[in-house]
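fold the following.
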Amino acid sequence: MRRSTCIVYAVALSLLPGSLLAQRKTIYAATTSTNQTSLSESISKAKALLQKEPDANITIYLKPGTYFLDSTLVLSSADLPPGKGSITVTSAGNEKPHTAPAAVTLSGGQLLRLQWTLWKDGIYKAPLDVPFEFSHLYINNEQQIRARYPNFDSSAKHFNGTADDVLSPERIKTWKHPQGGYIHALHKHEWGGYHYRITGINTDGTLQLEGGYQNNRQMGMNEKERFVENIFEELDAPREWYYDKAGKTLYYKPVAGVSPEKASVIISRLPEIVALKGTADKPVKNITFRNIRFAHSNATFMDTREPLLRSDWTIYRGGAVLLDGTTDCSILDCEFDHNGGNAVFVSNYNRRAYISGNEIHDAGGSGICFVGNKDAVRAPLFEYNESQAFNGMDTAAGPKSPDYPASCVAADNLIYRTGRIEKQTAGVQISMAMDITVSHNTIYDVPRAGINVSEGTWGGHIIEYNDVFNTVLETGDHGAFNSWGRDRWWYPNREQLDSLVAVHPWLIRQDAVKTNVLRNNRFRCDHGWDIDLDDGSSNYHIYNNVCLNGGLKLREGFYRTVENNIMLNNSFHPHVWFENSHDIFRHNIVTRTYKPIAIEFWGDEIDHNFFPEQNAIKPPTDGHSLAGDPMFISPATGDYRVQRTSPALKTGFRNFPMDQFGVTTAALKAKAKKAPLPVLAKEVLNEEPSFSGWQGALMKNIETLGERSATGLPDNKGAFVVAVPESGHKYPIKAGDVILQLGDKKINTKEDLTKADELYGDKKVPLVIFRNQQRMTL
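Sure thing, here's the model as predicted:
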């Protein structure tokens, strides 16, 4: 392969006055070939200049073209001198960012020169021998489809097509050599996904698999929502491809009108394109990448295995761009286009990372991740069911080391169609971090949350002015904004949890040391909640947000103040609160009755809210709340401010701007989708739920998403225990349990329970229930 030439000029442009006596230097790099020689030489030149002049500000201008990297471009603090100097890598093109395709691409892929021949059935083949695994094929810069079953369907809800017979013996028999294929499946409860590599076939005809560690809630794969790829026999549709590694042959079926012989062919290669690597003691400083397109990085779903404490997530610490041990580094005005894993990953120690003005789309993983190191966490636990005794626990407040992102910003980014492969992903993900600002981003068309906070460590995040919609499209029981708070005080067993927080309430804010603020956002989720504060999420102030569809949920937690929000076609969903939660819900406009589940205690204040009708106000809350027409100014255009004469103002509600959500850069605003606005409708007050008795216990069916979420069920099957008589019950059941089986009779409804009870009479048979999100037999 011909080596590229490099034209390098070092030109002193100016001297800054006063205390800013840093020379500004310029380096031009030109590419005329397909490797990174010119870029690497330019970086080396910049390092040499900094060695001589540690305070120089250097700009490397990349001439237009695609730079195919042979290895990840690493800028290490070990290679950079101390000082106040900086390096900026940018395009030499004159185009304004995002107004035209970026002139410069840093590619994690490899450009191929192939000799294609027509094989059969419209399928071409070409000899190919590469020493690495690749997940993506790009023809004329468009990502193609790895041979799969069922075939790709852009209209399908999950994985672009799923089938329940993927693992059937009949289908497996049609595959001669499935080794190297992949099974992708949703989580059993639709809480993210799993991925498995096929390693062989058992004697009984079933597959040998490795993987399934990509979700931190180990419950197995969904029985229906799954597909298989990288199987030769499934190569049968246009745009599909298959690489026969043993036979060293690439197969591809083009769409009509595409000639492989004339096409540009690129395969993915590197999981990271650029990596800035330092430490807390010696960080990489003052590096900026601006107006660059990053593309063709390899998928990392089989490396997504590190658990993020007790959240539902596991993670791969990498992305097309990795910041690991940096201060004052920036990624500005770039495009992240069809990369196989995460786009930007800010890992371990980082201070003042600034990620802004970027267009991030079609990523296999998440958009932007801020994730600290587990070693900075006091008394860390790593799976939902893990717990530890108070005695011996490290109870000091806050982090125990600086190895986490802090004072970092993700602002004015357009993020869409992420999570193309992995489903436990987010537009912006935060875990083990402090003081992260997520502002003015537009995020949509994602399989799970738009913005996710994995736990309470360590708060101080500002989530503001974001426009987040078309979320939770492929999963369930989640929110456009989602959080968990399974910190060291939190137990999966509710009895243990209640006793601990009653005795040691101060422990709650030892991890969530700073208040998280959600303000001035617009959220929409059609498959969950617009704002979902789940298990233990504590220390939040939520105000001035518009919830377009899914309402707001607060599961058990502490110190949440929710005020001056608008919830359209929905309401407030409190689930299983603590006795002394100190929660506050006031001055909000809701358009439905509250949807409480297993609520005995109502926090410090639930009052001074505005409802659509008087009969929507239910005691014991809202003694001073009002009802009527809120008199929105222009709901058809998304202006939900209320008119001056609105009765909602008498509750203490105050108007806030409706035209500041999402990206601010004009070019990104022009590209962004518009959030679908709801058609406001009056609430239809259904009949009271149907209850039935079972030996003195009050039972009902699982009927709502809220009931399914509160219990942790994968579906609506079971009989829900509403109340148990004070005198006790034949079985040691509790309110909140779900009856799944009596004797050998499965219980899908309360009617099934009645029939089974009549069958067994006074005979005591095993009872299977669901409690604390686990099956158990009484």
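
show me the shaky parts of the stretch 1-150 of the chain.
By pLDDT under 70, the weakly predicted segments of the stretch 1-150 of the chain are 1-23, 29-37.

the helices in it, which residues?
37-52 (DSSP state H, counting those that start in this stretch).

center of the protein, which residue is that?
Ranked by distance to the mean C-alpha position of the chain (Cα atoms, centre = their mean), the top residue is Ala426 at 1.7 Å.

look up the closest residue to that residue, ignoring the ones flanking it.
If the residues on either side of it in the chain are set aside, Ala426 comes closest to Asn452, at 3.9 Å by Cβ to Cβ, 6 or more residues apart in numbering. Backbone N, C-alpha and C define where each C-beta goes, glycine included.

does Leu507 sit in a helix, a strand or a coil?
Recorded secondary structure, Leu507: helix (DSSP: H, G, I helix; E, B strand; the rest coil).

from what I see, it and Trp490 are in contact.
No. Taking contacts as Cβ atoms under 8 Å, Leu507 lies outside contact range of Trp490: 9.7 Å.

just the buried positions in the strand or helix carrying Gln208, please.
Using DSSP states H and E, Gln208 sits within strand 207-211. Buried residues in strand 207-211, defined by neighbour count with 16 or more other Cβ atoms under 10 Å: Leu207, Leu209, Gly211.

and the nearest residue in space to the second one that is not next to it in sequence, how far from Arg317?
Across the structure, with Cβ to Cβ, 6+ apart as the measure, the residue nearest Leu209 apart from its sequence neighbours is Tyr196 (4.1 Å). Note on Tyr196: its distance to Arg317, by Cβ to Cβ, to the nearest Å, is 21 Å.

same check on His158?
27 Å.

of those two, who's got more company?
Between His158 and Arg317, His158 has the larger neighbour count (other Cβ atoms under 10 Å), namely 21 against 18.

and that one, helix, strand or coil?
Going by three-state DSSP: His158 is coil.

can you get me the start-to-end distance on stretch 397-404?
15 Å (Cα to Cα, to the nearest Å).

next: stretch 649-668.
OK, stretch 649-668 end separation, Cα to Cα: 35 Å.

and it, what's buried?
649, 651-653, 655-656, 658, 661-665, 667-668.

pick out the most distant pair among the residues you listed.
The largest separation in these, counting by Cβ to Cβ, is between Thr651 and Ala667 at 40.7 Å.

tell me the contacts of Trp241?
Leu137, Gln144, Ile145, Arg146, Ala147, Leu235, Leu250, Tyr251, Tyr252, Lys253 (Cβ atoms under 8 Å, 6 or more residues apart in numbering).

neighbours of the fourth one, how many?
In this case it means Arg146. Neighbours around Arg146, by other Cβ under 10 Å: 23.

that one pairs with what?
The partner list for Arg146 in beta bridges (DSSP bridges) reads Trp241.

ok, it - contacts?
Arg146 neighbours (Cβ under 8 Å, 6+ apart): Ser135, Leu137, Glu229, Asn230, Glu240, Trp241, Tyr242.

correct me if wrong: the fourth one contacts Tyr242.
Going back to what we said before, that points to Asn230. Yes. Counting by Cβ under 8 Å, Asn230 does reach Tyr242; the two are 6.8 Å apart.

need the residues touching each of those two.
With Cβ under 8 Å, 6+ apart, Asn230 and Tyr242 have common neighbours Arg146, Ala147.

the two: who's more crowded?
More neighbours surround Tyr242 than the other of Asn230 and Tyr242, with 24 against 20 (other Cβ under 10 Å).

in this structure the more buried one contacts Ala147, no?
Yes. Contact criterion Cβ under 8 Å: Tyr242 and Ala147 qualify, at 4.3 Å.

so how many other residues sit close to the residue nearest to Leu209?
When counting by other Cβ under 10 Å, one arrives at 23 neighbours for Tyr196.

surely it forms part of a strand?
Yes. Membership of Tyr196 in a strand is supported by three-state DSSP.

got the confidence number for it?
You'll see Tyr196 listed with a pLDDT of 98.

quick check: beta-bridge partners of it?
Ile183, Gly211.

give the contact list for it.
Tyr182, Ile183, His184, Ala185, Leu209, Glu210, Gly211, Gly212.

on that earlier part again, which one among the buried residues of strand 207-211 gets closest to Ala379?
Gly211 (29.6 Å).

OK, contacts around that closest one?
Applying Cβ under 8 Å, 6+ apart, the residues contacting Gly211 are Ile183, Tyr194, His195, Tyr196, Arg197, Met302.

three-state assignment of the residue nearest to Ala426?
Assignment for Asn452 (three-state DSSP): strand.

go ahead and confirm it touches Ile430.
Yes. Asn452 lies in contact with Ile430 (Cβ under 8 Å); the separation is 7.0 Å.

list the buried residues of stretch 137-155.
Buried residues in stretch 137-155 (16+ other Cβ under 10 Å): 137-139, 143-152.

ok, back up a step: the residue nearest to the centre of the chain touches Val453, doesn't it?
No. Counting by Cβ under 8 Å, Ala426 does not reach Val453; the two are 9.3 Å apart.

where do the contact lists of these two overlap?
Listed as contacting both Ala426 and Val453 by Cβ under 8 Å, 6+ apart are Asn482.

common neighbours of Tyr242 and Ala147, please.
Asn230, Ile231, Phe232, Leu235, Tyr251.

most neighbours out of those residues, which is it?
Ile231 (23 neighbours).

look up how far Leu381 lies from the residue nearest to that one when sequence neighbours are not counted.
In space, and not counting its chain neighbours, Ile231 is closest to Gly181: 4.6 Å by Cβ to Cβ, 6+ apart. Going from Gly181 to Leu381 by Cβ to Cβ gives 35 Å.

now swap in Ala295 and tell me
In terms of Cβ to Cβ, Ala295 sits 38 Å off from Leu381.

which one's more surrounded, these two?
Of the pair Ala295 and Leu381, Ala295 is the one with more neighbours under other Cβ under 10 Å, namely 26 against 19.

what strands line up against the helix or strand just after the strand holding Gln208, and which way round?
Heading C-terminal from strand 207-211, the first helix or strand you meet, by DSSP H and E, is strand 221-229. In the sheet containing strand 221-229, its partner strands are strand 148-149 (antiparallel), strand 182-187 (antiparallel), by DSSP bridges.

name the residues that touch strand 221-229?
Taking Cβ under 8 Å, 6+ apart as the rule, strand 221-229 contacts 146-150, 158-159, 161-164, 166-167, 178, 181-188, 190, 194, 198, 212, 234.

again with stretch 761-777
Here stretch 761-777 makes contact (Cβ under 8 Å, 6+ apart) with 384-385, 492-494, 711-713, 718, 730-731, 733-734, 736-744, 778.

residues contacting the residue nearest to Ile231?
Trp175, Arg197, Ile198, Val228, Glu229, Asn230, Ile231.

what subset of these is buried?
Trp175, Arg197, Ile198, Val228, Glu229, Asn230, Ile231.

JSON lines for those residues, including distance to Thr704?
Formatted as JSON lines, the buried ones among the contacts of Gly181 follow (distance: Cβ to Cβ, whole Å):
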{"residue": "Trp175", "distance to Thr704": "42"}
{"residue": "Arg197", "distance to Thr704": "38"}
{"residue": "Ile198", "distance to Thr704": "39"}
{"residue": "Val228", "distance to Thr704": "34"}
{"residue": "Glu229", "distance to Thr704": "35"}
{"residue": "Asn230", "distance to Thr704": "40"}
{"residue": "Ile231", "distance to Thr704": "40"}
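
and the two most separated of the residues you listed?
Trp175 and Arg197 (14.2 Å).

remind me which residues of this structure are low pLDDT?
Looking at the chain by pLDDT under 70, you get 1-23, 29-37, 685-688.

rerun that using 80 as the cut-off
Along the chain, the parts satisfying pLDDT under 80 run over 1-25, 27-38, 93-95, 684-691.
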